[in-house]
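Undergrad: have a look; sequence and predicted model below, questions after that.
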Amino acid sequence: MIISILVNLVLKQTQPVMKQYIYVIFILIVVTFVSCKQTEIDSDDTTIHALCDSTLIEFESEKDAKLLVINTKDDWEVTATESWLSFTATTGKGKTAILIGAAPNHNQPRSASILVKTLTKQVIISVNQAGADELNFEVSGVNFKMKLATAGKYMMGATGSNDNSPLREVKVDSFYVCETEVTNALWQAVAGVLPYDTVKYIQGTEVSKSALEPVTYVSWEDVTKSFLTKLKQKTNLNFRLPTEAEWEYAAGGAQFGTGKKYAGSNNIDEVAWYADISGAKKHSVKQLMPNELGLYDMSGNVSEWCSDWYKQYYGEWYGSSPSNYITVYNPMGPEMGTMRVVRGGAFYSTVSFGMSECDVIQRRSELPYCYEVVWPGTSDQRIVYRCESIGFRFVLPVKK
């Protein structure tokens with residue numbers, strides 16, 4: 001009965017061509033009511049102004065709609081700050097119900113405002129639309145997918161006097177993270193040339209260029225100053241490397257994490273290409289089980305660059321002891337250093353005494369330019385590349 005009355009109120013404000021569409025919306029979706037309330041008025045004042053009980057409307061990521069009931073005896077007007085919001089009526093007189101629609105949102109979460117006003121009064125309603133659980137992109141014919149890691153907190157690191165201590169509570173904001181490590185195909189689509197064709201040390205050697213294998217032989221500087229810069233230009237989006245905290249949160253399954261030792265399982269063979277099963281080579285992505293967030297190969301195949309400078313913790317940043325941890329928000333690592341953080345095991349990683357680089361919490365480091373000169377000043381001087389098994393995946397921060 002109530003819905004029928006409201007539909008009729010809406011239809012009175014709507015053109016005939018819209019009437020069938022409005023009925024369809026009421027059939028297909030569950031309408032949420034956002035009501036306005038009458039103001040307290042003096043006995044000599046008969047005006048009722050548009051003031052709402054709720055000043056916030058939340059939409060889902062796909063097409064969604066809400067019903068707004070405006071309580072007033074005056075002429076009223078409704079406007080929005082963003083074009084993805086639509087109304088069945090933008091002006092009217094007296095108490096009226098209008099339908100507010102949100103277009104499908106296949107990108108990041110977004111926000112807007114709605115202004116409801118009469119001649120003398122107004123109310124601003126904040127509008128938020130949730131982001132999709134995953135984003136799909138295409139660059140020069142190559143597709144990639146990103147998964148939403150919603151804001152949350154987790155216990156980062158471990159107890160004891162080691163490179164992973166102290167145990168500390170970390171909170172991170174929402175971000176999207178690439179479903180797989182960046183492949184040869186995606187690198188070539190963005191950068192135009194594979195690194196194996198330009199690195200002097202491996203010219204003339206046999207290196208696999210399979211499209212679906214993770215790209216390697218890329219330095220931290222190659223990734224940040226070349227690939228990600230070009231990707232931003234092609235998409236107009238602020239892709240970047242994950243912080244170490246974001247990487248560990250995502251590897252642990254983010255909001256769906258269940259505390260597994262490796263990224264998605266306590267059985268390393270299910271989720272990681274490592275020394276025992278890899279055949280001493282990298283493999284195409286998405287061949288083993290994903291973790292709880294739907295991310296592949298975070299425990300093995302190739303290790304991954306993070307954005308942070310490397311520094312051993314030992315309680316210096318986060319508290320004096322594992323039992324006296326503090327909460328850290330969106331940690332970015334030290335302001336300077338000589339080594340960059342590398343996370344996740346690789347195809348050559350081993351398991352010794354129950355520990356491995358493939359463990360979610362394990363960390364190591366590498367020179368950002370990826371190589372070093374050995375035996376300098378001698379006839380045997382040569383360049384040795386240390387990133388033959390290091391790749392990366394990128395993230396996209398959620399707009400606030």
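TA: Received it, and whenever you're ready, just let me know what you need.

Undergrad: residue contacts, the residue nearest in space to the middle of the chain?
TA: With distances taken as C-alpha atoms, centre = their mean, Tyr176 lies nearest the centre of the chain, 1.4 Å away. With contacts defined as C-beta atoms under 8 Å, 6 or more residues apart in numbering, Tyr176 is in contact with Gln108, Gly131, Glu134, Leu135, Met146, Lys147, Leu148, Ala149, Val395, Leu396, Pro397, Val398. Using the backbone N, CA and C atoms, a C-beta is placed for each residue, glycine as well.

Undergrad: widest-spaced pair of those residues?
TA: Farthest apart among those by C-beta to C-beta are Glu134 and Pro397. That separation is 15.7 Å.

Undergrad: neighbour count: the two, which is higher?
TA: Using other C-beta atoms under 10 Å as the criterion, Glu134 and Pro397 rank with Pro397 on top: 17 against 14.

Undergrad: need the phi and psi values for that one.
TA: Per-residue torsions, Pro397: phi -60, psi 150 (degrees, to the nearest 10).

Undergrad: what are the bridge partners for the nearest residue to it once chain neighbours are set aside, then?
TA: Excluding the flanking residues, the one nearest Pro397 by C-beta to C-beta, 6 or more residues apart in numbering is Phe175, at 5.1 Å. Here Phe175 sits in beta bridges with Ala149, Pro397, as judged by DSSP bridges.

Undergrad: any low-confidence regions in this protein?
TA: In the predicted model of the chain, residues 1-54, 106-107, 159-165, 200-205, 312-325, 400 satisfy pLDDT under 70.

Undergrad: break it into its domains for me.
TA: Domains of the chain are assigned by automatic domain parsing as 2-129, 134-397.

Undergrad: and these, which is most packed in?
TA: Most buried of the domains of the chain by mean neighbour count (mean count of other C-beta atoms under 10 Å) is domain 134-397; its value is a mean of 18.

Undergrad: gap between that one and the chain center?
TA: Relative to its parent chain, domain 134-397 has a centroid offset of 15 Å by C-alpha atoms, centre = their mean, to the nearest Å.

Undergrad: start and end of it, how far apart?
TA: End-to-end distance of domain 134-397 (C-alpha to C-alpha, to the nearest Å): 13 Å.

Undergrad: verify the stated contact: the residue nearest to Pro397 with Thr243.
TA: No: judged on C-beta atoms under 8 Å, Phe175 makes no contact with Thr243 at a distance of 9.2 Å.

Undergrad: quick revisit: if I look at the residue nearest to the centre of the chain, how far off is Ala254?
TA: Going from Tyr176 to Ala254 by C-beta to C-beta, to the nearest Å gives 11 Å.

Undergrad: identify the contacts common to the two.
TA: Ala149.

Undergrad: doesn't Val139 make contact with Leu231?
TA: Yes: using C-beta under 8 Å, Leu231 is in contact with Val139, at 7.1 Å.

Undergrad: between the two, what contacts are shared?
TA: Shared contacts of Leu231 and Val139 (C-beta under 8 Å, 6+ apart): Val190.

Undergrad: excluding its backbone neighbours, what's nearest Glu62?
TA: Pro104 (5.2 Å).

Undergrad: repeat that for Ala211.
TA: The shortest distance from Ala211 to any non-neighbouring residue, by C-beta to C-beta, 6+ apart, is to Ala185 (3.9 Å).
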